[in-house]
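Trainee: Okay, sequence plus prediction incoming.
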There are 2 protein chains.
Amino acid sequence: MKTRALSALAAALAMLAATGPAWADDKDVIEYRRHIMKSLNEQSAILGQIASGLAPADNVVAHLDTVALLASTALKAFEPKVPGGESKPAVWKDWKDFSERMQEFAQQTDAAAKLARTDGPEPALTNMLEAMSCRGCHKVYREEKK
Amino acid sequence: MKTRALSALAAALAMLAATGPAWADDKDVIEYRRHIMKSLNEQSAILGQIASGLAPADNVVAHLDTVALLASTALKAFEPKVPGGESKPAVWKDWKDFSERMQEFAQQTDAAAKLARTDGPEPALTNMLEAMSCRGCHKVYREEKK
C-alpha cells in the first residue's frame, strides 16, 4: 500500500516537473510563507538560547546553516501577489524595497553561516543575530497580531 | 548601543566556549527540543505541499537540506534525561532504541537530501517523505496532545 502510494507520488512529481510548477491556490501561498516564517522563528529562538548560554552550542553550525537555507527560500513565498495572513499590502506596493531587503537577508545569513567555517561559531553567531534583525522588516511589512 | 550589546555578546560567547557548553535549566531543554520538532513540522508541511502539487518545487532542494540539518540536530535535544513537554518517559527508558531511530532518521534524511544532487529533486522528495515517517516514533515516544 505504502509502495503503491509512493509510486503514485513519484508519477505525480514527474508530471509536475514536466508541466512546471505552480501554486494551487492563494491559501497555499499564505500557508507556505507561514511555514517558512514559523521555521525561522523557531530557529531564531534556538540561536537566542545558545547565545544566552541557556543551551549548549554543539549544534550551532547546523542551526546557522538552517537559518541561511530558510532565508534563501523566503522571497519565493512572497512572489505571488497574495495579501493575507500577516502580510501587509505594502509588501507588493513597495516590492522593490521588500525584495531587496529579503535578498539582503538571504545574503547576510549565508555569509554569517559561512563565517562559522573560517572564523568559528562565535563570530558567526554574532553576525547571524545581527543579520536577523526581524523587527526592521516586520514593523513595515507585517500585520501586528491582534 | 547595538555595537556595545554585540561586543558583550561576543565576550559572553567566548567565555562560554572556554568553559564548555551546558544547559541552564530543564525548561531550556524542553524548549530547545520543541523548537526543533516544530521546525521539522513546518518543513514537513512544506514538503507535503510541494509533493501534492500545491506549491511550486523551486525551493525543494533547500527544503530537503533543511530537513536533513534539522534531523541532525534532534538527538542532542533528548540527551539530557528531562521528561516533559510531549516526550514520554519511554524516550529514556528505551534510550538505545530511541537514539538508534533518531540516528537512522538523521542518516536517511541526509541521504535523501544528497540524492537531489545526483538523481534530481523528484526521487529525493519521495525518499525524504519515506524517511520522515514521523508517526512510527511519535506513537511510541510522544505524548498525545490532549
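Mentor: Sure thing, it's come through. These numbers come from a predicted model, not from an experiment.

Trainee: Let me see the contact set for the residue positioned nearest the centre of chain A.
Mentor: Nearest to the centroid of the C-alpha atoms of chain A, with distances taken as Cα atoms, centre = their mean, sits A:Leu70, at 3.3 Å. Shown in contact with A:Leu70 (Cβ atoms under 8 Å, 6 or more residues apart in numbering or on different chains): A:36, A:39-40, A:43, B:66. Yep, even glycine has a C-beta here, placed from its N, CA and C like the rest.

Trainee: do that again at 10 Å, thanks
Mentor: A:Leu70 makes contact with A:35-44, A:105-106, A:109, B:39, B:42-43, B:59, B:62-63, B:66, B:69 under the criterion Cβ atoms under 10 Å, 6 or more residues apart in numbering or on different chains.

Trainee: Restricted to helices, list these.
Mentor: A:35-44, A:105-106, A:109, B:39, B:42-43, B:62-63, B:66, B:69 (DSSP state H).

Trainee: Just the buried residues from those residues, in PyMOL please.
Mentor: Provided next is the PyMOL selection string for whichever of those are buried by 16 or more other Cβ atoms under 10 Å in any protein chain shown:
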select buried, (chain A and resi 35+36+37+38+39+40+42+43+44+105+106+109) or (chain B and resi 39+42+43+62+63+66+69)
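
Trainee: burial of A:Thr73, as a residue count?
Mentor: 24 (other Cβ atoms under 10 Å in any protein chain shown).

Trainee: can stretch A:37-53 be found next to chain B?
Mentor: Yes: for stretch A:37-53 and chain B, the contact criterion (Cβ under 10 Å from any Cβ of the partner chain) is met by A:37-53.

Trainee: how about the CA coordinates for that stretch, as PDB?
Mentor: The C-alpha coordinates for stretch A:37-53 follow below in PDB (Å, rounded to 0.1, in the frame of the first residue of the first chain):
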ATOM      1  CA  MET A  37       8.400  32.300   8.800                       C
ATOM      2  CA  LYS A  38       7.500  29.900  11.600                       C
ATOM      3  CA  SER A  39      10.600  27.800  10.900                       C
ATOM      4  CA  LEU A  40      12.700  31.000  11.000                       C
ATOM      5  CA  ASN A  41      11.000  31.900  14.300                       C
ATOM      6  CA  GLU A  42      11.800  28.500  15.900                       C
ATOM      7  CA  GLN A  43      15.400  28.600  14.700                       C
ATOM      8  CA  SER A  44      15.800  32.200  15.800                       C
ATOM      9  CA  ALA A  45      14.600  31.200  19.300                       C
ATOM     10  CA  ILE A  46      17.300  28.400  19.300                       C
ATOM     11  CA  LEU A  47      20.100  30.800  18.400                       C
ATOM     12  CA  GLY A  48      18.800  33.100  21.200                       C
ATOM     13  CA  GLN A  49      19.000  30.200  23.600                       C
ATOM     14  CA  ILE A  50      22.600  29.400  22.600                       C
ATOM     15  CA  ALA A  51      23.700  33.000  22.500                       C
ATOM     16  CA  SER A  52      22.300  33.500  26.000                       C
ATOM     17  CA  GLY A  53      24.100  30.400  27.400                       C
END
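
Trainee: and stretch A:131-142, which residues are buried?
Mentor: A:131-132, A:137, A:141-142.

Trainee: And those, which is closest to chain B?
Mentor: A:Ala131 (11.6 Å; Cβ to the nearest Cβ).

Trainee: Sketch out the low-pLDDT regions of chain A for me.
Mentor: A:1-21, A:146 (pLDDT under 70).

Trainee: Run through the helices of it in chain order.
Mentor: Under DSSP H, chain A gives helices at A:2-19, A:26-51, A:60-74, A:90-93, A:95-119, A:121-131, A:134-141.

Trainee: Quickly check: stretch A:54-68 near chain B or not.
Mentor: Yes: legend: contact between stretch A:54-68 and chain B by Cβ under 10 Å from any Cβ is shown at A:54-68.

Trainee: which of those residues count as buried?
Mentor: For the residues of stretch A:54-68 next to chain B, a burial check counting by 16+ other Cβ under 10 Å picks out A:54-57, A:59-68.

Trainee: ok, these vs chain B, which is closest?
Mentor: Closest to chain B out of those is A:Pro56 (3.1 Å), distances taken as Cβ to the nearest Cβ.

Trainee: number of nearby residues for A:Glu31?
Mentor: Neighbour number of A:Glu31 under other Cβ under 10 Å is 18.
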